[in-house]
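Q: Please find the sequence and the predicted model below.
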Amino acid sequence: MAVDELDTRILTLLIEHPRTSLRECARLLGIARGTLQARIDRLERDGVITGTGPRLSPAALGHPVLAFVHVEVTQGRLDEVGDALAEVPEIIEAFSITGGGDLLTRVAARDNGHLEDVVQRLISIPGVVRTRTEMALRERVAYRLLPLVESVGRTAGAVADPVAVAPAPEKAGAATAGGV
């Protein structure tokens with residue numbers, strides 16, 4: 001799916017001002033509300049926009065310890081182990097990977113002891129051969145997509161200038177465009 005200059009401007013606005021109403025977004029972009037809604041619907045349908053909920057902080061939820069746990073799996077049991085990982089609430093992401101291991105999980109824990117308990121739970125899953133844990137010390141680059149959106153816009157022949165979109169005032173109770 002090609003993302004054009006208008007899509008890039010829409011995505012930039014949604015990232016920078018996720019609580020702005022669709023009406024206000026359309027006004028700031030200089031397009032009709034129906035056009036904006038149709039573009040957002042297409043971006044969602046094509047999988048470019050994958051969610052609109054808030055981003056939460058595991059640390060603020062009482063889980064400040066972040067670790068990456070590599071999981072080695074018995075051949076032929078990857079799907080089964082992946083399903084079992086989905087049942088562990090402290091696993092906030094899991095990916096099939098190449099290299100040293102079969103799965104990479106991102107784990108949030110209350111403290112080091114709790115992390116050890118989570119790792120022990122992972123080891124007890126049928127099909128898990130071994131794990132290797134790496135603890136995060138400090139976040140150096142927070143999760144972000146705006147630089148990527150701007151890069152895609154430039155390669156599409158667009159200049160995604162965030163300054164071109166004026167900051168929108170937040171309106172209480174307004175329908176929101178959603179976080180991206």
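A: Yes, it's here. Keep in mind it's a predicted model, so treat the numbers as computed, not measured.

Q: Could you use CA atoms for every contact and neighbour count after this?
A: Fine.

Q: which residue packs closest to residue 70, ignoring adjacent ones?
A: Excluding its sequence neighbours, the residue lying closest to residue 70 (C-alpha to C-alpha, 6 or more residues apart in numbering) is residue 104, at 4.6 Å.

Q: what do you get for residue 11?
A: In space, residue 11 comes closest to residue 149 once its chain neighbours are excluded; the distance is 7.2 Å by C-alpha to C-alpha, 6+ apart.

Q: tell me the phi and psi of that neighbour?
A: Torsion angles at residue 149 (phi, psi; degrees, to the nearest 10) stand at phi -60, psi -40.

Q: What pLDDT does the model give it?
A: Per-residue pLDDT puts residue 149 at 92.

Q: Could you spell out the sheet neighbours of the helix or strand residue 108 falls within, each with its direction?
A: Here residue 108 sits within strand 103-109, counting by DSSP states H and E. Sheet pairing here is set by DSSP bridges, and for strand 103-109 it gives strand 65-73 (antiparallel), strand 91-96 (antiparallel).

Q: now the angle from the helix or strand following that strand to strand 103-109?
A: Taking DSSP H and E as the definition, the helix or strand that follows strand 103-109 towards the C-terminus is helix 112-123. Using axes from the mean of the first three to the mean of the last three C-alpha atoms, to 10 degrees, one finds that helix 112-123 and strand 103-109 are set 150 degrees apart in direction.

Q: thinking again about what came up before, so which of the strands paired with strand 103-109 is the most packed in?
A: With neighbours defined as mean count of other C-alpha atoms under 10 Å, these peak in mean count at strand 65-73, which reaches a mean of 21.

Q: Quick one: distance of that strand to the chain centre.
A: If you compare the mean C-alpha spot of strand 65-73 with that of the full chain, they lie 18 Å apart, counting by C-alpha atoms, centre = their mean, to the nearest Å.

Q: so who does residue 81 touch?
A: The contact partners of residue 81, taken as C-alpha atoms under 8 Å, 6 or more residues apart in numbering, are 73, 125, 126, 127, 128.
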